[in-house]
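Chemist: the sequence and its predicted three-dimensional model are supplied below.
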Amino acid sequence: MLTNPDCLLARVLLGKYCQNDKLLRVEALNTSSHGWRGILAGRDLLVEHLGKVIGNGSSTTIWGELWISTDHAMLPSSPVKEDESDLYVSDLILIGTGKWNLARIKKILPALAEEIMTLRPSLTGANDSYIWYPVASGSYSAKSGYAAASAAALQVVTQPAALASVNWKKYVWNVGYSPKLKLLTWKILHEALPMGVNLERRGVVHNSTCIHCGATETTEHLFLHCPFAVQVWNLIPLKIPFNSIHCASFYSVLEASTSWVCLPPTGYSENIFYWVVWSLWTTRNHFLFESRHISQLEVAIKALGGAKEWSAAQLDSDASNNNTKVPTLPLLPSMPEETTTCNTDAAWNPISREAGLGWILSNQDTSTLQRSQFQTHVQSAIAAEALAIRAALSHTIHLGVTKIWLRSDSLGLAKAIASITKPKNLHGGVKWACRFYRKSHTL
Ligand SMILES: [Zn+2]
């Protein structure tokens with residue numbers, strides 16, 4: 001809604017709820033729908049880490065928005081004079097040049113002049129854009145939003161000590177079993193399975209008894225101590241028989257199970273623990289919701305059968321992957337006729353933040369042209385590489401070149417140009433370069 005206000009969803013919602021105020025400021029009304037309240041909750045999270053990158057500066061106010069840094073939130077702190085309170089960033093840019101008006105910046109924001117000079121306004125008048133500070137690309141994603149929300153919540157809710165000692169990678173996520181088993185194990189350890197005491201704790205049920213024996217249904221009871229579970233474990237043919245009744249916790253058995261060995265008649269050589277737990281859990285659910293009774297022997301057979309089926313399927317898919325994988329070499333694009341090759345490079349000094357840019361233009365007549373340029377206030381090495389491309393492209397436009405093949409030794413920049421999302425600190429240089437780059441491929 002913020003970056004694409006013309007899409008249908010944005011037009012409907014903004015028309016309904018934001019007629020009198022902007023999306024970033026609007027409050028929920030008593031009549032607002034549940035859906036809109038949800039959007040506003042997401043908006044509140046967004047606003048905490050939302051900044052702007054300057055294109056032409058005409059939609060960003062100097063004092064009210066976060067635009068001075070592309071990495072973190074930074075507001076100008078100088079005292080505001082009355083006649084300067086409504087200024088836009090475009091008022092700090094020399095009209096039509098895309099360059100900063102240094103004299104004016106030093107007058108209005110003297111303490112931030114150096115910082116501002118490292119930003120590159122657009123040379124072609126591109127609009128200002130929103131950026132999301134937590135990620136390098138500046139584009140919001142559900143994943144980064146979740147991480148930002150979790151980081152905020154972490155200050156309030158701390159994880160139980162018992163969970164902090166769990167080796168999640170080793171015993172849950174990196175085990176070579178079906179994802180359903182990993183998720184089940186994760187839920188068991190977090191006491192998140194919808195069963196007995198877990199449900200009672202949340203006030204969902206008042207009867208937390210085991211369906212097999214009538215005792216209180218806890219994780220340890222259902223999977224280890226219940227007479228039904230004990231009999232199932234006794235039926236699993238392990239080299240050293242497993243006596244579940246004396247095991248104190250689910251996690252301690254999970255750790256110990258990595259050394260278990262299934263006896264050969266089963267035809268299964270991996271850790272059977274996860275499969276038996278899965279089988280016990282589904283058996284409990286079949287009985288509870290479908291009144292289907294499954295015997296201990298059937299539970300054990302189901303666990304072994306599932307395990308064997310899964311490992312056979314993995315072997316099959318490995319084999320078919322090996323057969324179909326044909327190594328391919330990346331193809332270099334062929335160069336159309338009358339194309340000018342443009343090699344660019346840049347050197348950057350991180351202390352003085354100065355950069356030297358260079359480019360060589362050559363065409364098929366083997367005539368070459370070399371140019372170089374010096375720049376101050378350059379933020380990073382990749383920004384210097386982007387500025388070299390921008391300078392080279394300006395030069396080729398001036399020469400009237402219409403077909404160009406750009407070559408840079410900066411893999412990071414090449415990836416940034418080819419990707420949909422650009423690193424936020426390259427906004428001014430790369431956005432312009434990208435537009436030309438795409439154009440040059442269609443000419
Ligand atoms: Zn029981």
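Modeler: Structure received.

Chemist: okay, now the domains of the protein?
Modeler: Using automatic domain parsing, the domain parsing of the chain gives 8-151, 163-319, 340-442.

Chemist: for the ion, what's its nearest residue on the stretch 1-150 of the chain.
Modeler: residue 150 (36.2 Å; CB to the ion). Where C-beta positions appear, they are placed from N, C-alpha and C, glycine not excepted.

Chemist: for the strand or helix carrying that residue, packing partners?
Modeler: Assigned by DSSP states H and E, residue 150 belongs to helix 142-154. The helices and strands touching helix 142-154, judged by 3 or more CB pairs under 8 Å, 6 or more residues apart in numbering; DSSP states H and E, are helix 34-48.

Chemist: residues in contact with the helix it packs on?
Modeler: 1-2, 13, 16-17, 23-24, 26-28, 32, 132, 140, 145, 148-149 (CB atoms under 8 Å, 6 or more residues apart in numbering).

Chemist: state the mean pLDDT of that helix.
Modeler: For helix 34-48, mean pLDDT rounds to 89.

Chemist: any idea how far that helix is from the chain center?
Modeler: 19 Å (CA atoms, centre = their mean, to the nearest Å).

Chemist: convert that helix to CSV, retaining C-alpha atoms only.
Modeler: Presented in CSV, the C-alpha positions along helix 34-48 are these (Å, rounded to 0.1, in the frame of the first residue of the first chain):
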residue,chain,number,x,y,z
HIS,A,34,-10.5,-6.9,12.3
GLY,A,35,-8.5,-7.2,9.1
TRP,A,36,-7.7,-3.4,9.0
ARG,A,37,-6.6,-3.5,12.7
GLY,A,38,-4.3,-6.3,11.8
ILE,A,39,-2.8,-4.2,9.0
LEU,A,40,-2.3,-1.3,11.4
ALA,A,41,-0.5,-3.6,13.9
GLY,A,42,1.9,-4.5,11.0
ARG,A,43,2.2,-0.9,10.1
ASP,A,44,3.3,0.0,13.7
LEU,A,45,6.1,-2.5,13.4
LEU,A,46,7.0,-1.2,10.0
VAL,A,47,7.2,2.4,11.1
GLU,A,48,9.7,1.6,13.8
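
Chemist: tell me what angle it forms with helix 142-154.
Modeler: 80 degrees (axes from the mean of the first three to the mean of the last three CA atoms, to 10 degrees).

Chemist: hey, C-alpha coordinates of the helix or strand that helix 34-48 is followed by in PDB?
Modeler: Next helix or strand after helix 34-48 toward the C-terminus (DSSP H and E): strand 50-53. What follows is strand 50-53 as a C-alpha-only set of coordinates in PDB (Å, rounded to 0.1, in the frame of the first residue of the first chain):
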ATOM      1  CA  LEU A  50      11.200   2.700   8.100                       C
ATOM      2  CA  GLY A  51      13.500   5.100   6.400                       C
ATOM      3  CA  LYS A  52      13.800   6.800   3.000                       C
ATOM      4  CA  VAL A  53      16.400   6.900   0.300                       C
END
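
Chemist: in stretch 343-351, what's buried?
Modeler: 343-346, 348 (16 or more other CB atoms under 10 Å).

Chemist: count of residues packed around the closest residue to residue 74 other than its chain neighbours?
Modeler: Using CB to CB, 6 or more residues apart in numbering and skipping residues adjacent in sequence, the residue nearest residue 74 is residue 68, 4.6 Å away. With neighbours defined by other CB atoms under 10 Å, the count for residue 68 comes to 21.

Chemist: hang on, residue 68 packs against residue 112?
Modeler: Yes - between residue 68 and residue 112 there is a contact at 5.8 Å, judged by CB atoms under 8 Å.

Chemist: overlap in contacts, the two.
Modeler: Common neighbours of residue 68 and residue 112 (CB under 8 Å, 6+ apart) are residue 76.
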